[in-house]
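> build the 3D model from these lines:
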Amino acid sequence: MLFRFTRDIIQWNVDMKHIKDDLDDITKANEYAVKVSGLHDRLMNGQKRVDNFHKREALFGIEPTDTEALDTITSIYNDYYSLWSIAIDYKCGEDEWMKGSPLMKLRAVDIHDTINKWKAEINKLEKDVFNDNINNPVQVKVIDDLKNRMQYFVSEYMWIIEAIGIDGCEHFMLPRYWYQILRTIKTPTTTTTTTVGKRGGVGAEPELPPLITDLTLNHLDGINNNRDKVKAVIKEAKQQYSNRITLSDIKKEWLVSSSSENAA
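Numbers count the residues shown, from 1 in each chain. Below you'll find the model as predicted:
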């Protein structure tokens with residue numbers, strides 16, 4: 001037990017140093033998840049082994065083996081694990097919002113609440129733990145990058161989520177308005193497997209889904225270059241929907257009035 005414990009402690013310190021010093025790109029958070037969660041799981045399993053070993057030592061009246069090294073590395077690693085857990089969760093969330101869920105199914109209030117929760121957790125880590133650019137330069141960079149990435153998403157995409165990603169938007173965002181938006185941002189309106197060129201760079205256009213209502217933010221590349229025009233389309237869609245509701249109400253009132261007169 002003691003030999004294996006010593007060997008594991010050495011390896012866990014090496015793994016933690018790698019995570020501390022080398023993991024610095026939040027765009028690779030999903031790739032890092034295996035390493036970050038893997039070390040956490042190994043430390044938790046190590047703690048369980050030590051607890052069981054101490055119980056056996058107590059049973060036979062043996063002086064407990066000193067396992068302070070495990071407690072120390074676990075305590076230190078918890079901060080790195082917390083930071084990367086937030087980064088991984090954010091990257092998964094961003095991927096889901098950008099290309100997983102259709103825009104019309106995104107709820108702005110839920111996204112705002114989630115991002116604000118992550119920001120509060122990051123600010124606490126920054127204040128209490130990773131506030132020293134000399135001893136924790138990588139973590140300071142990760143925190144800055146993560147906060148900037150969150151702020152970029154909020155500033156660049158929340159406006160369209162708030163405008164369209166709401167309950168009932170399918171009633172006013174008829175297909176013709178979607179096509180009008182796509183033409184405004186110059187997105188091809190036919191589903192293709194390959195295209196030449198990309199707005200703003202070189203590469204393939206995102207392939208459009210079979211249903212226009214399944215469009216994701218990722219399909220709307222270029223929307224922020226035409227924000228005012230897109231807002232105008234959405235405003236028109238809402239106004240036309242409001243007009244239809246008003247006309248429908250007037251028609252209902254007329255039918256009721258007409259029925260009453262006929263009955264009289």
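
> C-alpha from now on. contacts and neighbour counts both.
Noted.

> this protein: helices as residue ranges?
2-22, 29-59, 68-95, 108-128, 137-164, 169-172, 175-184, 227-263 (DSSP state H).

> out of those, which is closest to residue 219?
In terms of Cα to Cα, the element of these nearest to residue 219 is helix 175-184, at 9.2 Å.

> packing partners for that closest one?
helix 227-263 (3 or more Cα pairs under 8 Å, 6 or more residues apart in numbering; DSSP states H and E).

> in the helix it packs on, which residues are buried?
229, 230, 233, 234, 237, 238, 241 (16 or more other Cα atoms under 10 Å).

> can you check stretch 105-125 too?
105, 106, 107, 108, 111, 115, 118, 119, 122, 125.

> how about the residues you listed in a markdown table, adding distance to residue 153?
Formatted as a markdown table, the buried residues of stretch 105-125 follow (distance: Cα to Cα, whole Å):
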| residue | distance to residue 153 |
| --- | --- |
| 105 | 17 |
| 106 | 14 |
| 107 | 14 |
| 108 | 12 |
| 111 | 10 |
| 115 | 10 |
| 118 | 13 |
| 119 | 13 |
| 122 | 16 |
| 125 | 21 |
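
> dump the residues you listed into a markdown table; add pLDDT as well.
A markdown table is the format used below for these (pLDDT from 0 to 100):
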| residue | pLDDT |
| --- | --- |
| 105 | 90 |
| 106 | 93 |
| 107 | 92 |
| 108 | 92 |
| 111 | 96 |
| 115 | 98 |
| 118 | 98 |
| 119 | 98 |
| 122 | 97 |
| 125 | 97 |
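
> where does residue 17 land on pLDDT?
Looking at residue 17, its pLDDT reads 97.

> distance of residue 237 relative to residue 180?
Per Cα to Cα, to the nearest Å, residue 237 is found 11 Å from residue 180.

> again with residue 49
Applying Cα to Cα to residue 49 and residue 180 gives a distance of 63 Å.

> just residue 109 next, same as before
Where residue 180 is concerned, residue 109 sits at a distance of 26 Å (Cα to Cα).

> and if you look at residue 63?
In terms of Cα to Cα, residue 63 sits 77 Å off from residue 180.

> look at these two and report which has more neighbours.
Counted by other Cα atoms under 10 Å, residue 63 and residue 180 do not tie: residue 180 has more neighbours, with 16 against 9.

> ok, the more buried one - contacts?
residue 233 (Cα atoms under 8 Å, 6 or more residues apart in numbering).

> quick check, residue 23 in contact with residue 33.
No: the pair residue 23 / residue 33 is not scored as a contact, 10.6 Å apart, by Cα atoms under 8 Å.

> out of the buried residues of helix 227-263, the closest to residue 164 would be?
Relative to residue 164, and with distances defined as Cα to Cα, the nearest of the buried residues of helix 227-263 is residue 234, at 7.9 Å.

> OK, contacts around the closest one?
163, 164, 173, 177.

> ok, the second one - how many residues close by?
Residue neighbour count, defined by other Cα under 10 Å, stands at 21 for residue 164.
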